[in-house]
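[1] Any chance you can model this:
(one chain, ligands or ions: 2)
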Amino acid sequence: MVLEILTYPDKRLFDKGEEVKVFDEKLGLFLDDMYDTMIAKNGIGLAALQVGKPIRAFIVNLVNEQDIQDKNDLYEIINPKFIKKDGEIVYQEGCLSVPGYYEDVKRAANVLLEYQDRFGNTKTLEADGLLAVALQHENDHLDGHLFIERIGFNKRKKFDKEYKKNSKKAI
Ligand code: QAP
Ligand code: CO
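    Ligands and ions are numbered 1, 2, ... in the order given. Here you go, the predicted model:
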């Protein structure tokens, strides 16, 4: 089932997600709905908060070398915690909750993440490149942060100005 995605400046995007304590069938069904929603909206990552559920869960599904977004490569990340962050990478990010806007963001280049899967099993994931960027972008959502908070001051001012202009147009 495809869910509705909250978009900036919806206040619920700035809430903090609660730790997941119950790993039941309902959680699995919700993660399935998140996947359907991400695919329907052409995303590579989606956090639960973006569909109005304030829990610490997100999904990431990058495309492979053949440019295919294979569900076998899907990560379902629950209650994540970064154990290690190293180096620096700048990547042009976007977000389904800030449609049509893309900007460079600086993040850690190498990360080690501890998390739980949909069954509550604890796992670790070491990542670099785009996967490292995606994990940090999605993890930010769990604490109510958007990538536009991590761009430079002048770029943010420009974004706010353009966004106001576009939302007037949309009325
Ligand atoms: C987060 O972002 C991310 O503006 C996932 O019109 C960002 O899936 C991970 C999207 C950068 C790694 C690097 C954005 C789709 C999708 C839009 C997304 C749009 C349509 C964004
Ligand atoms: Co996002």
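
[2] What ranges does this protein have for its helices?
    Ranges of helices in the chain, per DSSP state H, are 25-40, 129-142, 153-170.

[3] residues of the second one that come out buried?
    Counting neighbours by 16 or more other CB atoms under 10 Å, one finds that the buried residues in helix 129-142 are 131-142. Where you see a C-beta, it was placed from the backbone N, CA and C, and this is true even at glycine.

[4] If we check ligand 1, which of those residues are in contact?
    133-134, 137 (CB under 6 Å from any ligand atom).

[5] follow-up on the earlier one: give me whichever of the helices of the chain is most buried.
    Using mean count of other CB atoms under 10 Å, the stretch among the helices of the chain with the greatest mean number of neighbours is helix 129-142 (a mean of 22).

[6] between the helices of the chain, which gets the lowest average pLDDT?
    Mean pLDDT values for these show the minimum at helix 153-170, a mean of 88.

[7] give me the number of residues near the closest residue to residue 3 other than its chain neighbours?
    Distances taken as CB to CB, 6 or more residues apart in numbering place residue 51 nearest to residue 3, at 4.2 Å, with adjacent residues excluded. As a burial measure, residue 51 scores 20 neighbours (other CB atoms under 10 Å).

[8] show me the contacts for residue 51.
    3-6, 33-34, 37 (CB atoms under 8 Å, 6 or more residues apart in numbering).

[9] nearest to ligand 1, of these?
    residue 5 (9.6 Å; CB to the nearest ligand atom).

[10] remind me which residues of the protein are low pLDDT?
    Low-confidence segments of the chain (pLDDT under 70): 169, 171.

[11] so, in contact with ligand 1 or not, the lengthiest strand in it?
    Assignment by DSSP state E gives strand 75-86 as the longest strand of the chain. No. Using CB under 6 Å from any ligand atom, we find that strand 75-86 stays clear of ligand 1, coming within 11.7 Å at best.
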